[in-house]
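Participant: structure of the sequence below:
(chains A, B, C and D)
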Number of protein chains: 2
Amino acid sequence: MMNEDSAPSDGGLPIAAVERETGIPKDLLRMWERRYGFPQPARDAAGDRLYSAEQVGKLKQVRRLMDLGFRPGKLVGQSMAQLEALAQTHTPARVVPDVCAGLIDALSGHDALAVRELLRHRLFELGLRHFVCDFLAAANQLVGEAWMRGELRVHEEHLYSEEVKRVLRETLAGIPAGPQSPRVMLTTCPGELHLIGLLMVEALLRLAGCDAIAFGAQMPLSDIASAARKHRVDVVVLSFSAAYEASPQADAALLDSLLPDGVELWLGGSGCRGLKRLPPRATLLTLERLDACVSLWRELHPPAIAV
Amino acid sequence: MMNEDSAPSDGGLPIAAVERETGIPKDLLRMWERRYGFPQPARDAAGDRLYSAEQVGKLKQVRRLMDLGFRPGKLVGQSMAQLEALAQTHTPARVVPDVCAGLIDALSGHDALAVRELLRHRLFELGLRHFVCDFLAAANQLVGEAWMRGELRVHEEHLYSEEVKRVLRETLAGIPAGPQSPRVMLTTCPGELHLIGLLMVEALLRLAGCDAIAFGAQMPLSDIASAARKHRVDVVVLSFSAAYEASPQADAALLDSLLPDGVELWLGGSGCRGLKRLPPRATLLTLERLDACVSLWRELHPPAIAV
DNA sequence: TTTCATTTTTGTACAGGACAAACATTTGAC
DNA sequence: GTCAAATGTTTGTCCTGTACAAAAATGAAA
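Facilitator: The predicted structure follows:
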């Protein structure tokens, strides 16, 4: 165990380590070797596979491209350079916004304090709304892409999200949930662990004076429905990251049948870009559109005279 | 995927689901079946294994006992009742502390607000120190055990930790890092995602007036060392949960060689209970002992007159 | 265009054999 | 009697090769 982790300097990584590194199951690694001839790892004295760093790198690249929709059969045959070119082509060549300058550096320096200070500085400079809509939106994408490209490691991506959550939470603690309608409940579906998007929406809703109630992540759909009923919310906000495994579509459809009448469903996050055939009560949310959504809701639901 | 998770009502769980549920690798499940005759799952039309709920339950119980040091050969032959008796004997028969009353109920009700309010109420009632040392310590163990026993589901356990983190962070935001020595840096090793323990220690350190710097989770050891140097910390605190896969022992040994002279290493969390042969600079930390550790450090390091 | 059926690709499961690391036990020296 | 080395067992992981079903692509018909 020690050997495996601390001495990748030797011949190579055993198959279990490669599974952890790349997320590709052992069985599948062996299958690819037989079917495509790649990877073709060296063997140790006992005949066990030892994957070289290059092979692991290519495997990671292949997996990244598979996440983009490519099939393995088309990928494994290509050289690393070709794969990188492919990745280039299919990664929207975005200009790094000025606001994000220094972020990647701070992250790869593993300096939590520097990251936090950078975030706080931007927050102070831009104000909460622009911090969320301009800075964080760009930064999330930047970090996500860097991670996909293999330029950031897990713990660096983790550092980013931890610090963003920390700063957002600290800030939110200072803005109490407003008394105004609509009353909004925020959560994610089971399997969806990413909370940043949710916190961003929460911040904007608070700024708009809404009565935003943040539930944690991963609520079973039936519980979302019952909580919506119990807390008499007007809107349920769900966030789906790009990494969400299940189908936001299916979740929306199921929730549609579970939620009480009159409750709206707002779906946000990169995981539900381009969704179609949503139930009528569901709306796609973007950060830009959020204020408009709230205004629209208020127009359609004028405060009752009595009550 | 959907089927697998949402319809455990049918014949049983496939082997991959059992691996996830129990943490026992597929290969090992098949090996046990061959060697010990347990578990002997049913088969579906295609000949694939389908494990019954009872089998999965027994597997979980076996794994729990293995974590306590038993060997599988002695366990698999026994009946569930015998296993439970064994577990009883070797689980310090803890009474559910009064402070934790209602927590499990709130969690299984999936009511994030109720959980949060319960936590806040306890925090207010007990004060931060007792909240951390008495309530959270007990609650963590309670939740951990309930999860091991299969009484809580992933998202319920997740709800707990999210809410605890939220409350602790909100509270910590109100207590700035003290100016006093020692200057302490908090983090976890790569692979260790659990942050609650770290936040608890951070809270106690802040109360003691220490200059506690919380880094996020998962710092590579070499980065810990360089950050310690850069920030001139006096003490590095590492937290290991019981779920930590690698060896805290090895981590400590490696860090020992990397850290600058004079920097102490405090190790805490259930993952390092009963560690032996630690390097001399390493100390085992418990919540109870923390204040004593700080005082001891201060005695041994009287503030310099100049500087 | 959309919808359905067919073929290809891809992932996961199986069996049974081998071996080495972890653990337990015995033996021998001090 | 205590410690340490040698021996024997138990246990986990990896190997080969095969089979099959779910998913994706393709092509035909509406």
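Participant: per-domain residue ranges of chain A.
Facilitator: Using automatic domain parsing, the domain parsing of chain A gives A:2-90, A:98-172, A:177-300.
Participant: so which of these is nearest B:Phe240?
Facilitator: Closest of the domains of chain A to B:Phe240 is domain A:2-90, at 14.7 Å (criterion: C-beta to C-beta). Backbone N, C-alpha and C define where each C-beta goes, glycine included.
Participant: and the gap between the residue of the stretch 201-307 of chain A found nearest DNA strand D and chain B?
Facilitator: Residue of the stretch 201-307 of chain A nearest DNA strand D, by C-beta to the nearest atom of the strand: A:Ser247 (10.8 Å). To chain B, A:Ser247 is 8 Å away according to C-beta to the nearest C-beta, to the nearest Å.
Participant: now do the phi/psi pair for A:Thr283.
Facilitator: phi -130, psi 140 (degrees, to the nearest 10).
Participant: same question for A:Gln78.
Facilitator: Main-chain torsions, A:Gln78, degrees, to the nearest 10: phi -80, psi 160.
Participant: what residues are up against it?
Facilitator: The contact partners of A:Gln78, by C-beta atoms under 8 Å, 6 or more residues apart in numbering or on different chains, come to A:Leu86.
Participant: turn the domains of chain A into a markdown table, including mean pLDDT.
Facilitator: Shown next, in a markdown table, are these (pLDDT from 0 to 100):
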| stretch | mean pLDDT |
| --- | --- |
| domain A:2-90 | 86 |
| domain A:98-172 | 87 |
| domain A:177-300 | 87 |
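Participant: need those in JSON lines with distance to B:Leu238, can you?
Facilitator: Below are the domains of chain A laid out as JSON lines (distance: least, C-beta to C-beta, whole Å):
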{"stretch": "domain A:2-90", "distance to B:Leu238": "16"}
{"stretch": "domain A:98-172", "distance to B:Leu238": "14"}
{"stretch": "domain A:177-300", "distance to B:Leu238": "24"}
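Participant: just the strands in the stretch 51-200 of chain A please.
Facilitator: Applying DSSP state E, counting those that start in this stretch to the stretch 51-200 of chain A gives strands spanning A:180-187.
Participant: can you pull the residues of it lying near chain B?
Facilitator: Contacts of the stretch 51-200 of chain A with chain B, taken as C-beta under 8 Å from any C-beta of the partner chain, map to A:110-113, A:154-155, A:158-159, A:162-163, A:166, A:169-170, A:173, A:187, A:190, A:193, A:195.
Participant: if you set the cut-off to 6 Å instead, what comes out?
Facilitator: By C-beta under 6 Å from any C-beta of the partner chain, the residues of the stretch 51-200 of chain A that approach chain B are A:His110, A:Ala112, A:His155, A:His158, A:Leu159, A:Glu162, A:Arg169, A:Glu170, A:Ala173, A:Pro190.
Participant: list the residues that contact the second one.
Facilitator: When you say that, I think you mean A:Ala112. Counting by C-beta atoms under 6 Å, 6 or more residues apart in numbering or on different chains, A:Ala112 makes contact with A:Leu159, B:Phe215, B:Gly216.
Participant: can you rerun that using 8 Å?
Facilitator: If you count contacts by C-beta under 8 Å, 6+ apart, then A:Ala112 has A:Leu159, A:Glu162, A:Glu163, B:Thr187, B:Ile213, B:Ala214, B:Phe215, B:Gly216, B:Ala227 around it.
Participant: check contacts around the nearest residue to A:Met80 once chain neighbours are set aside.
Facilitator: Spatial nearest neighbour of A:Met80, excluding adjacent residues (C-beta to C-beta, 6 or more residues apart in numbering or on different chains): A:Lys58 at 5.4 Å. Contact analysis of A:Lys58 by C-beta under 8 Å, 6+ apart lists A:Phe38, A:Pro39, A:Met80, A:Leu83.
Participant: check A:Val263 too.
Facilitator: By C-beta under 8 Å, 6+ apart, the residues touching A:Val263 are A:Ala228, A:Val233, A:Asp234, A:Val235, A:Val236, A:Arg281.
Participant: against DNA strand C, how distant is the fourth one?
Facilitator: Remark: distance between A:Val235 and DNA strand C (C-beta to the nearest atom of the strand, to the nearest Å) = 31 Å.
Participant: farthest pair within the contacts of A:Val263?
Facilitator: Going by C-beta to C-beta, the pair spanning the contacts of A:Val263 furthest: A:Val233 and A:Arg281, at 13.0 Å.
Participant: okay, the two: which has more neighbours?
Facilitator: A count of neighbours by other C-beta atoms under 10 Å in any protein chain shown puts A:Val233 above the other of A:Val233 and A:Arg281, at 24 against 17.
Participant: now the helices for the stretch 201-307 of chain A?
Facilitator: Applying DSSP state H, counting those that start in this stretch to the stretch 201-307 of chain A gives helices spanning A:221-230, A:248-258, A:287-300.
Participant: tell me what the second one is packed against?
Facilitator: If I follow you right, that is helix A:248-258. With contacts taken as 3 or more C-beta pairs under 8 Å, 6 or more residues apart in numbering or on different chains; DSSP states H and E, helix A:248-258 sits against helix A:221-230, strand A:235-239, strand A:264-268.
Participant: can you pull out the residues in contact with it?
Facilitator: Residues outside helix A:248-258 that contact it (C-beta under 8 Å, 6+ apart) are A:189, A:221-222, A:224-225, A:236, A:238, A:240, A:265, A:267, A:271-272, A:275, A:277-279, A:281-282, B:2.
Participant: now swap in the longest one and tell me
Facilitator: With contact meaning C-beta under 8 Å, 6+ apart, helix A:287-300 is reached by A:132-133, A:137, A:181-182, A:200-201, A:204-205, A:208, A:210, A:234-235, A:264, A:266, A:268, A:283, A:285.
Participant: try the shortest one
Facilitator: Residues outside helix A:221-230 that contact it (C-beta under 8 Å, 6+ apart) are A:185, A:187, A:189-190, A:215, A:219, A:233, A:236, A:238, A:251, A:254-255, A:258-260, A:263, B:110-112.
Participant: try 6 Å
Facilitator: The contact list for helix A:221-230, computed with C-beta under 6 Å, 6+ apart, reads A:Met185, A:Val236, A:Leu254, A:Leu255, A:Leu258, A:Leu259, A:Pro260, A:Val263, B:His110.
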